[in-house]
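# Provide a 3D model corresponding to the input given below.
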Amino acid sequence: MTGPVDGDAAVRPLEAVRLATARVSAMDNACYLLECRATGARLLVDAADDAPRLLELCDGRLDVVVTTHGHWDHHRALPAVVAATGARVLVGAEDAGDLPVPADRLLRHGDVVEVGHLRLDVVALRGHTPGSVALVLRDPSGRVLALTGDSLFPGGVGATGGDADRFRQLLDDVEARLLAVLPDRTEVLPGHGEPTTLGAERPGVPQWRSRGW
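Okay, here's the model as predicted:
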């Protein structure tokens, strides 16, 4: 795995996984590369844009790409990355039709994605899109990562187009499927912007529900 690309990709050492982050596009998309330390198998979360940069990040070798949801800004580089690496394409079942390439596997809540020795739990977070998914990785070191796409950010959940039902569904899923089951130390790696933790966001939930976004 390469080091920082253009001074903008950060590598965080963990016990079972190497994690690299590349920020691409004017929309500050965060693309996360996870490599199993034991086997070298690699997974990319969101081939959002700038295929040459993502291919440099993974040294042109990739096993799986998970697209967190079907919005165009999260899969612009997907055709080129898949063509260059032969990586399998995984996406939430309800969003598969939005991708520019066919999906190899449709993900549903409770599924597990295995890459080498890594096991990532699939958490459906409905509302931003019908098929939005997060991936949760529990590292042997005790660190827990939640890669949340556009469903959870510092300061709130993802946009739901002003639809009150979609907003309630998304916040309900975040509360029931993340906050209720994962520790406060869980590191939230969103699809845009900076990381946060569940503990940092938990106190804001009543305000989010009250304001409606």
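
# which element follows the lengthiest helix in the chain toward the C-terminus?
The helix that spans the most residues within the chain, counting by DSSP state H, is helix 164-174. As assigned by DSSP states H and E, the chain's next helix or strand after helix 164-174 is strand 187-190.

# each with direction, which strands does the next helix or strand after that following strand pair with?
Of the helices and strands lying after strand 187-190 in sequence (DSSP H and E), the nearest is strand 196-197. According to DSSP bridges, strand 196-197 forms sheet pairs with strand 187-190 (antiparallel).

# grab the most central residue of the protein for me.
For the chain, the residue nearest the mean C-alpha position is residue 147 (3.8 Å; CA atoms, centre = their mean).

# what strand or helix carries it?
strand 144-149.

# what lies in contact with that strand?
With contacts defined as CB atoms under 8 Å, 6 or more residues apart in numbering, strand 144-149 is touched by 19, 32, 45-46, 68-69, 74, 123, 125, 128, 132-139, 152, 158, 178, 182-183, 185-191, 198. All C-beta spots, glycine's among them, are computed from the backbone N, C-alpha and C.

# paired strands for it, with orientation please.
Counting by DSSP bridges, strand 144-149 is paired with strand 133-138 (antiparallel), strand 187-190 (parallel).

# now the first one and helix 164-174, what's the angle there?
Spelled out, it's strand 133-138. 10 degrees (axes from the mean of the first three to the mean of the last three CA atoms, to 10 degrees).

# start to end distance for stretch 142-155?
Taking CA to CA, to the nearest Å, stretch 142-155 runs 25 Å from one end to the other.

# can you pull the buried residues of that stretch?
143-153 (16 or more other CB atoms under 10 Å).

# cool, and stretch 53-60?
Quick answer for stretch 53-60 (16+ other CB under 10 Å): 53-55, 57-58.

# of those, which belong to helices?
53-55, 57.

# out of those, who's nearest residue 210?
residue 54 (39.1 Å; CB to CB).

# of the contacts of strand 144-149, grab the buried ones for PyMOL.
Paste this into PyMOL to select the buried members of the contacts of strand 144-149, with burial taken from 16+ other CB under 10 Å:
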select buried, resi 19+32+45+46+68+69+74+123+125+128+132+133+134+135+136+137+138+152+158+178+182+186+187+188+189+190+191+198
